[in-house]
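Visitor: Provided below for reference: sequence and predicted model.
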Number of protein chains: 2
Amino acid sequence: MRSHYCGEVRASDIDSTVQLYGWVHRRRDHGGIIFVDLRDREGFVQVVFDPDETPAVFADVEGLRSEYVIEVSGRVRRRPEGTENPDLPTGEVEVVGESMTILNRAETPPFMLDVEDDEVGEELRLRHRYVDLRRRGMAERMKLRSRITRVLRDYLDDHGFLDVETPMLTRATPEGARDYLVPSRTHRNQFFALPQSPQLFKQLLMVAGMDRYYQITRCFRDEDLRADRQPEFTQLDIEASFVDEDTIMDLMEGMVRRLFGEVLETALPEPFPRMTYAEAVRRYGSDRPDLRIDLELVDVADLVADADFKVFSGPATDPHGRVAALRVPGGGSLTRKAIDDYTDFVGIYGARGLAYIKVNDPAAGREGLQSPILKFLSDAAVDGILQRTAAEAGDLVFFGADKHHVVNEALGALRVRLGHDLDRVEEGWRPLWVVDFPMFEWNDEDNRWYALHHPFTAPRDEDVERLESAPGECLSRAYDLVLNGTEVGGGSLRIHHEPTQRRVLEALGIGAEEAEDKFGFLLDALRYGAPPHGGIAFGLDRLVMLMAGAHSIREVMAFPKTQSANCPLTRAPSEVGEAQLRELGIRLRRPSGGSSEG
Amino acid sequence: MRSHYCGEVRASDIDSTVQLYGWVHRRRDHGGIIFVDLRDREGFVQVVFDPDETPAVFADVEGLRSEYVIEVSGRVRRRPEGTENPDLPTGEVEVVGESMTILNRAETPPFMLDVEDDEVGEELRLRHRYVDLRRRGMAERMKLRSRITRVLRDYLDDHGFLDVETPMLTRATPEGARDYLVPSRTHRNQFFALPQSPQLFKQLLMVAGMDRYYQITRCFRDEDLRADRQPEFTQLDIEASFVDEDTIMDLMEGMVRRLFGEVLETALPEPFPRMTYAEAVRRYGSDRPDLRIDLELVDVADLVADADFKVFSGPATDPHGRVAALRVPGGGSLTRKAIDDYTDFVGIYGARGLAYIKVNDPAAGREGLQSPILKFLSDAAVDGILQRTAAEAGDLVFFGADKHHVVNEALGALRVRLGHDLDRVEEGWRPLWVVDFPMFEWNDEDNRWYALHHPFTAPRDEDVERLESAPGECLSRAYDLVLNGTEVGGGSLRIHHEPTQRRVLEALGIGAEEAEDKFGFLLDALRYGAPPHGGIAFGLDRLVMLMAGAHSIREVMAFPKTQSANCPLTRAPSEVGEAQLRELGIRLRRPSGGSSEG
């Protein structure tokens, strides 16, 4: 039986006999003596085999290669002076091997285990994930994730939340992303859908009187995989009854604060700051601002509305337009090339250009400035801009002028990029609640309103009466938790009055009949005694990623899919036999042609 | 804000003001005073409204109906003498209502909430599950389940197990039950499969050095739903490295013992008894014997091998046959009708009859017996049977004679049924480890060997060399945990040497090429440094069901499917649009004909 994990042997164990199991991380021969770095989940320890002391096992030891699995027993001793390794928790000691058994041999690993994440192709890492996960960083992240879920569960258990499981084989959700479908063999021509979230089930649990619910559960979205998305991801899903926004936000703050305290030994602010959606978008161009970066957007539409410059005056006078400035302290030293790069960058977000003013000497008026657009602006406009942005000598001011959402997305993203490029990202953690979201957002393409959160989000009481007359002005009782510019949680109070739910669906263009067909069971439930309720859902992968300091959620998942949604390890998805498809009552539209060759 | 859950108001709260939220369980008017039984997740409390004391809210109170959701504040007082309800934890007190707000109205519920599970059709209960879960029994079961998972998780966390999530969208498993398939939109003509268990992933996690893993996870089997099966069910999945059978069994015993101790305040035996598969089948006709029932099978083939009675002598001389007797103490009083019923019952398991001997006076030899088969048996056989079964006056002895598996299934089931019918089921909990399972079982229909557990189960060391020569005699390193006749957990040490894995696959008729195609990634992993490992999986639904004393796993799941695998609440599965199918690259084999009417 194991006496210690390799990584846990300490000076306090000196002179005791230990029994270790692990992998040969490295073997070094030094003057006839063999040093083995033995590795397990908890770290490394150095084992020394001396042919004079252990002749019986020495032949086996000489045969050891990287990643062989062995069992060792030996005595712990202090390392000879000068050979300690202060970088290693076990670096003060070594184990003098007394016996050794090879439990399994190993082929040469497909990549070295000492490399950084990005030194090996991801495809190769995922194909041999069972080797990749042995790497220190990956092992630590898996342990961190397990620890995080434990702290979260403990907190919720301690606060009266019940862990309740909701179905995975369920009904397609008509609003939202694309569902993964599962053909039913027993119900011909019918399909289950994998849940995008347990939203409706958790609401039904509130109607059922469960009062406080949570679940750490898998969710599925068959989206095109841009950015850092996965077909399946994990959500910490929470709902409570007889609560208001403050109760939920307070409970969740307590949870996140405990999490960071216990796991990262970091104290988060108490309380978390709150900001309205309108303010966040105005100041940061984003509803998930990274507060570690101090750059801010400033509106200047009024200053340029009558400029003889359509690029500015057009958006400035368009009710759906915005003209904003972003002061970059010290940005005066940006090269032409850098500015061109940023211009390309904002182009990704639809911006058709990136006007700027370099500020050499703000006191000198026009003379102290340098800009291709200067000639189009009046003195008053220039003065106003300098004053409002508080630009100083050596600064640069960027401008965005377009439809509201283009300016916000372009300058919002530019702001974050500049923060990183110019090393203006503060250390530490900046949580933020964003509140007072609009209920709806208009979609020009589809010519209809969409729910900004989801159709079950409650409007503010004072907005219920104008759901039909002024949908664009209605605010919801939603709240998002943003951490360092990443949305880690989102929630709301839900609609618990059936007539209000019908009106919101109506506002989304879902008539009575369609509502009955798609959401009939929810509407039924709301009529049978639904309590006021609300909740939140956290993206667990994202939260763990942030806490781990990882660059992708794939780095905190044991077996993620690639960016093109397949698994190089198991080679899923894969083809299935005709017999199986026949049983499911489906056929392929364009079956792969069976090759007659080979 | 709530001060107490309704069910938690106690005598110690007398004279304090409480704020309660809940559902109107019942309203009674008594001499102008209104009594409301207010209910929430934790129970009931009686709230009293007196029109003289609270005239302002009394009109509203008079309008209350069952299942209205209300908020109440009031003062706690001792109930008047003689009106206490000792059956209710809150029965000493009542709340004098001071204010009351109706938070939501409710239609008359589709069924009464005071009924027992089986008094309402299951379809109706599931369609309105949000009402059904408000019933005391259901709410308690949901709380129990949450408590159970918490205790299990705590134990495993405390013992160094990491909670690691494995994929839900994965590759079809070639052996075992039918997979649920998920068409991939991005990989045309390819399908994911939902996991039947995380078996291979947890083994890969061991190869990855995770050392100790657990997960409470959903599994899926598209089986025909006989007995008490669900398309999706929950497994507590566990794996550990560098362990032998004893280590795992000891760890798991500790877990189950802690679970029953903490949740049910019951002490389970220490250690759990162990029994070989061979002994279990010989004595109980089953590899999951219910030890609460003391009836046992006794082999009598040798006594009847040369009887002039083919029904007995045939199986007695067939190497695949069995002739066994089951003594039923006091069974002499069974009526002809009862015996006929049992004969029909064993017919379900393929038995073609049910011979018996009634024992009136065992000392009187033949004269003291009553049986249609007596004339076929020699005196020696009769004496031998009486002696071996230890039958006494007033007993009855049943016989099974057929192929081994028919006798075992028939008499094994009869044994349990008799135990219940004759009230011979001991109180309490009887856990049992069943060990030394055969590696393989022969399937006559398919003319091949199948793995009794799964193809990754390790054979005993001494059997490795006869995997090919004597597969039927090889025993595995598997262990099942049986509790009161239900298999709650099953596991094994796994194969960690690649050559052994290949040989076992070969023994199952899976050649090198097929093995590479289906299990290539596992075989690869075993070559890259796989530690010895093993584990177990518990059926969580079944365990909770047993602990809750429920009759079906559906009673311990929040939103189960019906026996025909659909959800009456959400009406899943459901039809999906042609556009969606086109996107997935599939079409229906026999599309539902679109009706031209209506």
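Guide: On my side now, so go ahead.

Visitor: confidence score at the closest residue to chain B within the stretch 201-350 of chain A?
Guide: The nearest approach of the stretch 201-350 of chain A to chain B comes at A:Ala208, 3.6 Å away (C-beta to the nearest C-beta). In short, each C-beta sits where N, CA and C put it, glycine included. A:Ala208 is assigned a predicted lDDT (pLDDT) of 98.

Visitor: I'd like the distance between the closest residue to it other than its chain neighbours and B:Thr317.
Guide: Spatial nearest neighbour of A:Ala208, excluding adjacent residues (C-beta to C-beta, 6 or more residues apart in numbering or on different chains): B:Leu133 at 3.6 Å. Here the criterion is C-beta to C-beta, to the nearest Å. By it, B:Leu133 lies 58 Å from B:Thr317.

Visitor: Looking at these two, which one has more neighbours?
Guide: Neighbour count, other C-beta atoms under 10 Å in any protein chain shown: between B:Leu133 and B:Thr317, B:Leu133 has more, with 23 against 13.

Visitor: What residues does that one make contact with?
Guide: Neighbour list for B:Leu133: A:Leu205, A:Ala208, A:Gly209, A:Met210, B:Ala139, B:Met142, B:Ala558 [criterion: C-beta atoms under 8 Å, 6 or more residues apart in numbering or on different chains].

Visitor: before we move on, back to that, number of nearby residues for the residue of the stretch 201-350 of chain A closest to chain B?
Guide: Neighbours of A:Ala208 using other C-beta under 10 Å come to 31.

Visitor: tell me the SS of the residue in the stretch 301-450 of chain A that chain B sits nearest to?
Guide: Nearest residue of the stretch 301-450 of chain A to chain B: A:Asp446, at 15.2 Å (C-beta to the nearest C-beta). Here A:Asp446 is recorded as coil under DSSP: H, G, I helix; E, B strand; the rest coil.

Visitor: ditto for A:Gly412
Guide: Assignment for A:Gly412 (three-state DSSP): helix.

Visitor: separation between the residue nearest to A:Ala208 and A:Gln215?
Guide: In terms of C-beta to C-beta, B:Leu133 sits 15 Å off from A:Gln215.

Visitor: Equivalent analysis for A:Asp306, please.
Guide: Going from A:Asp306 to A:Gln215 by C-beta to C-beta gives 57 Å.

Visitor: same question, A:Leu569
Guide: For A:Leu569 relative to A:Gln215 (C-beta to C-beta), the value is 27 Å.

Visitor: and if you look at A:Glu107?
Guide: 41 Å.

Visitor: For A:Asp306 and A:Gln215, indicate the residue with more neighbours.
Guide: A:Gln215 (24 against 13).

Visitor: sec struct for the closest residue to the more buried one other than its chain neighbours, please.
Guide: Among residues not flanking A:Gln215 along the chain, A:Asp237 sits closest, at 4.9 Å (C-beta to C-beta, 6+ apart). On the three-state scheme (three-state DSSP), A:Asp237 is labelled strand.

Visitor: in the longest strand anywhere in chain A, what counts as buried?
Guide: Looking across chain A with DSSP state E, the single longest strand is strand A:17-30. Going by neighbour count (16 or more other C-beta atoms under 10 Å in any protein chain shown), the buried part of strand A:17-30 is A:Val18, A:Leu20, A:Tyr21, A:Gly22, A:Trp23, A:Val24, A:His25, A:Arg27.

Visitor: And stretch A:350-357, by the same measure?
Guide: Neighbour-count burial for stretch A:350-357 [16+ other C-beta under 10 Å]: A:Ala351, A:Gly353, A:Leu354, A:Ala355, A:Tyr356, A:Ile357.

Visitor: Ok, stretch A:318-326 next?
Guide: The neighbour-count check on stretch A:318-326 (16+ other C-beta under 10 Å) flags A:Gly321, A:Arg322, A:Val323, A:Ala324, A:Ala325, A:Leu326 as buried.

Visitor: you'd agree the second one is up against A:Ala401?
Guide: Yes - taking C-beta atoms under 8 Å as the contact criterion, A:Arg322 and A:Ala401 are neighbours in contact, 7.5 Å apart.

Visitor: hey, what's in contact with both of those two?
Guide: A:Pro315, A:Val407.

Visitor: Can you list phi and psi of A:Gly254 for me?
Guide: A:Gly254 adopts backbone torsions of phi -60, psi -40, taken as degrees, to the nearest 10.

Visitor: I'm done for today, thanks for sticking with me.
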